[in-house]
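Student: Pasting the sequence and the predicted coordinates here, then a few questions.
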Protein chains: 2
Amino acid sequence: MTTSAIRTASLARRERQKAETRQAILDAARELFVSDGVEATTMRAIAAKIGYTPTAIYHHFRDKDALIVELCVADFSSLGQAMYKIGRIEDPVERLRRMGLAYTDFALDNPSQYRFMFMTPLKHPMLDANGNVVKSPDEDAYGFLLQTVSEGIEKGVYRPELSDAPELAQMVWGGIHGIISLWFTHCDDPHIVFRDPRETVRTMCDAMIRGSLRNSA
Amino acid sequence: MTTSAIRTASLARRERQKAETRQAILDAARELFVSDGVEATTMRAIAAKIGYTPTAIYHHFRDKDALIVELCVADFSSLGQAMYKIGRIEDPVERLRRMGLAYTDFALDNPSQYRFMFMTPLKHPMLDANGNVVKSPDEDAYGFLLQTVSEGIEKGVYRPELSDAPELAQMVWGGIHGIISLWFTHCDDPHIVFRDPRETVRTMCDAMIRGSLRNSA
DNA sequence: GCACATCACTTGACACTGTTAAGTGAATAT
DNA sequence: ATATTCACTTAACAGTGTCAAGTGATGTGC
C-alpha cells in the first residue's frame, strides 16, 4: 500500500466516522422528536442519548433549527415518493383523489413529521452550502398536485370557472390539511366528538371533486 | 357613612384595583402576543410593559398557560358572536356558506388569536375554580355549525350518503381551517405562489356545497 | 390609638433552555 | 520527532418560566 493510498484510506475512514456520528445525532433527534415532540426535545437530551456532550452536535449542525430542517428534507422526499407511486394513474381526477388519500395516510402515519413539515413555519428557508435558496423538496409533492390539477383543467373536466390550477391545488391541499391538522391539535378536546379523519377526508374529496366537475353527474 | 359601609366600599376598591391590574396584564399580554407571537413573548416583557415585576403576574394567573387560556376564552366568545350574527339567515345552506366566509374573515383579521385558538393544542383543558372541565366556549361556534348542518340534513337538501352531521361539519370546518392555517404557516414560502385565502375559501365552499347537495344543479 | 393581619407586590434565587469561546488530546502530516 | 488538524469537551453566558421568602402599605379588631 502506497503512502498516498494510506492517506486517502484513513481520510476516508475519518470522514466515514464523522458521517456516522452525524447520522447518530439525526437518528436520536428523530426518535426524540417523534416521542416527545420537537419543542420538548432538548439538545442535551439528544446528546445524552448517543453519549456525547451537547456541544458536539454543533460541530455537525449549525443549530437546532438546522437539525430540524435536515430531518424535514428527508421527510419531504419520503412524501414525494409516496406521491410518485400514484403518478401512474391515467385519469387525472382519480389520481387527484388517490393523492389526497395517500397524503392523508402519510400524515396520520407520521404525525410528528407532519407537524413540523406543515404545521410549523420553517424559520429560515433551506439554504445550500453557498447560501442559495435550495429548491424546496416539497415542490415535488406540490408540483405533482399542481400538474395533476392542470391536466384535469386542460382536459376540460372541471367547471369553466375553476380554471386556476394553483387555486384548485391549494383548495384540495388545504382542505385535506385542515382535517388532518385539526385532528392533531384537537382530537383530545373533550367537547368535540371527532370523526375518523380518514373517513372525513374521503368524504371531502368526493364532495369537492363532485362539486368541481363540469358534468356533475 | 357607617363603618360597615366604609368596609365594603374600601373592600370593593381593593378588588377593583386588583381587577384593574389583572386587566392590565391581559391587555399587555394580548398586545405582545399579537405583535411578537405567543412563544416569543416572555413573562418579563409583559410585566415590564405595565411596570410590574414578572412574579406579580403569578398573583393573578397560575402560569403563562392560564394567561393564554384566558385570552383564548375571550376570543372564542368573540368568534361565537361573529357566527351568531349569521344565525338569522333562513336557508341552512346559504347560512353555512356565510358562516364559512365569516369564519375566514375572523381568522385573517385576528391571525395571532387564530393561531393559538386552533393551531396549537391547549395543554390543560380549561378548568373552572373547582377544577371541573368548563363548558368549552368554542362549543358555541362549533355548535352553530353543527346545528346549521343538521338543519340541512333534516330538510333533505344533502345527498343521502351525507347524513352524518359531525362528519359534514368537520369536513367544512377542516377544509376552511386548512386553507387558513396553510396560509399562515407557508405564505412566506418562496416556492409556492399562494392565492388569496379568501378567494380559495370561497371557491372551496362553493365546490364542497355543490358536491354535497342532492340535486347538484 | 395601637398592635395585628392581610395581601398585592418585590427580591433573589433555581433549574432549565440554546449556544459559544476556549481548551484537550488523539490521529494525521511533514 | 515535531507540528497540525479537528472531533469533541469544559465551563460558561444570557435567557426562559417559576417559586419561596420577604416588604410595606392598607385594612381590622381591641
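Tutor: Noted; the coordinates are in hand.

Student: what are the ranges of the helices in chain A?
Tutor: Ranges of helices within chain A are A:3-36, A:43-49, A:64-84, A:92-109, A:111-118, A:138-155, A:165-186, A:197-212, based on DSSP state H.

Student: now these in CSV, with mean pLDDT and mean neighbour count?
Tutor: Heads up, the C-betas are built off the backbone N, CA and C, glycines and all. Converted to CSV, those look like this (pLDDT from 0 to 100; neighbours: other CB atoms under 10 Å in any protein chain shown):
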stretch, mean pLDDT, mean neighbour count
helix A:3-36, 83, 13
helix A:43-49, 98, 17
helix A:64-84, 91, 18
helix A:92-109, 96, 19
helix A:111-118, 90, 20
helix A:138-155, 89, 19
helix A:165-186, 97, 24
helix A:197-212, 97, 22
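
Student: Nearest to residue B:141 among these would be which one?
Tutor: Closest to residue B:141 of the helices of chain A, according to CB to CB: helix A:165-186, at 12.8 Å.

Student: quick one: is that closest one near chain B?
Tutor: Yes. Counting by CB under 8 Å from any CB of the partner chain, contacts between helix A:165-186 and chain B involve A:166-168, A:170-171, A:173-186.

Student: Quick check: the most centrally placed residue in chain A vs residue A:201, distance?
Tutor: Geometric centre of chain A, nearest residue: residue A:76, 3.6 Å, by CA atoms, centre = their mean. Using CB to CB, to the nearest Å, we find residue A:76 at a distance of 20 Å from residue A:201.

Student: Also residue A:17?
Tutor: Counting by CB to CB - residue A:17 and residue A:201 are separated by 45 Å.

Student: Also residue A:115?
Tutor: The gap separating residue A:115 from residue A:201 is 17 Å, by CB to CB.

Student: Over to residue A:32?
Tutor: Going from residue A:32 to residue A:201 by CB to CB gives 29 Å.

Student: Ok, residue A:154 next?
Tutor: According to CB to CB, residue A:154 stands 26 Å off from residue A:201.

Student: and what of residue A:159?
Tutor: 22 Å.

Student: What of residue A:23?
Tutor: Computed as CB to CB, the residue A:23 to residue A:201 distance reads 34 Å.

Student: go on, residue A:147?
Tutor: Taken as CB to CB, the span from residue A:147 to residue A:201 is 21 Å.

Student: again with residue A:148
Tutor: For residue A:148, the distance to residue A:201 - CB to CB - is 17 Å.

Student: Then residue A:55?
Tutor: 44 Å.

Student: Is chain B within reach of stretch A:18-36?
Tutor: No. Against chain B, stretch A:18-36 shows no contacts by CB under 8 Å from any CB, the least distance being 14.1 Å.

Student: Pull that stretch out as CSV, backbone CA atoms only.
Tutor: Provided in CSV are the C-alpha atoms of stretch A:18-36 (Å, rounded to 0.1, in the frame of the first residue of the first chain):
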residue,chain,number,x,y,z
LYS,A,18,-17.8,11.7,11.2
ALA,A,19,-20.7,10.9,9.0
GLU,A,20,-21.6,8.1,11.4
THR,A,21,-21.9,10.3,14.4
ARG,A,22,-23.7,12.8,12.3
GLN,A,23,-26.2,10.1,11.4
ALA,A,24,-26.4,9.0,15.1
ILE,A,25,-27.4,12.5,16.0
LEU,A,26,-30.1,12.6,13.3
ASP,A,27,-31.4,9.2,14.5
ALA,A,28,-31.5,10.2,18.1
ALA,A,29,-33.1,13.5,17.3
ARG,A,30,-35.7,11.9,15.1
GLU,A,31,-36.6,9.4,17.8
LEU,A,32,-37.0,12.0,20.5
PHE,A,33,-38.8,14.4,18.2
VAL,A,34,-41.3,11.7,17.5
SER,A,35,-41.8,10.6,21.1
ASP,A,36,-41.6,13.9,22.9
